[in-house]
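Undergrad: build the 3D model from these lines:
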Amino acid sequence: MLIEKGGEMPEIMVDPDSDACIFYTSGTTGRPKGAQLTHRGCVANAMSLAFAHIVQSVATSRARVTSTKLPAKDVSQTSALVITPLFHVTANNCVAHSITMAGGKLVHMYKWDAGEALKLVESEQITTISGVPVMSRELIAHPDFEGTDTSSLKSLGGGGAQLSTRLSRED
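TA: Residues are numbered from 1 along each chain as shown. Model prediction:
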């Protein structure tokens, strides 16, 4: 061990514009590549997404008072179902960083399965899912979707491919 039990961690200086990590993405070109993210970029993205989660929660809570169309369930803890690989930018920079920063819960799936995802949404009170559009389609089209309590789910997002107009309008 570099640090003996009870010892102090060495003080280090980190340049906010130095590389923090490399995540893999197909980005806008469709060709997989390693994307270098800076410390500043990771923190700014996490803060932005955490803030968006907070704003969405407040807006949903206020709207719930005047609308019967919104979910009746008020889930106090943000929880994300992590459905993309951990080496990918979506799982880490778009989900794990912001949810952890907001004090939320991460539930990981080993392998994508729409039926299993629905079970986890219900049992773990999942509030957000982010993957690729085909995963959203499979979730909504699954035979168990109508019979599953998805009232905790506040957002279903994604990237990596274009979201069809039809899918974006499905309730």
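Undergrad: with adjacent residues omitted, what lies nearest to residue 100?
TA: residue 106 (7.0 Å; CB to CB, 6 or more residues apart in numbering). Heads up, the C-betas are built off the backbone N, CA and C, glycines and all.
Undergrad: what comes up buried for whatever helix or strand the one you found lives in?
TA: Assessed by DSSP states H and E, residue 106 sits inside strand 105-108. Neighbour-count burial for strand 105-108, counted by 16 or more other CB atoms under 10 Å, picks out residue 107.
Undergrad: how close does the residue nearest to residue 100 get to residue 147?
TA: 26 Å (CB to CB, to the nearest Å).
Undergrad: please apply the same query to residue 153.
TA: According to CB to CB, residue 153 stands 15 Å off from residue 147.
Undergrad: tell me which of the two has more neighbours.
TA: residue 153 (22 against 9; other CB atoms under 10 Å).
Undergrad: mind telling me what element residue 24 is part of?
TA: Under the assignment here (DSSP H and E), residue 24 is part of strand 19-25.
Undergrad: and after that strand, which helix or strand comes next?
TA: With elements assigned by DSSP H and E, the helix or strand that comes after strand 19-25 is strand 33-38.
Undergrad: now do the contacts for residue 54.
TA: residue 102 (CB atoms under 8 Å, 6 or more residues apart in numbering).
Undergrad: then residue 139?
TA: Applying CB under 8 Å, 6+ apart, the residues near residue 139 are 114, 117, 118, 129, 145, 156.
Undergrad: confirm the last one sits in a strand?
TA: Yes - according to DSSP: H, G, I helix; E, B strand; the rest coil, the state of residue 156 is that of a strand.
Undergrad: from what I can see it touches residue 129, true?
TA: Yes - using CB atoms under 8 Å, residue 156 makes contact with residue 129 at a distance of 5.3 Å.
Undergrad: compare these two (neighbour count), which wins?
TA: More neighbours surround residue 129 than the other of residue 156 and residue 129, with 26 against 20 (other CB under 10 Å).
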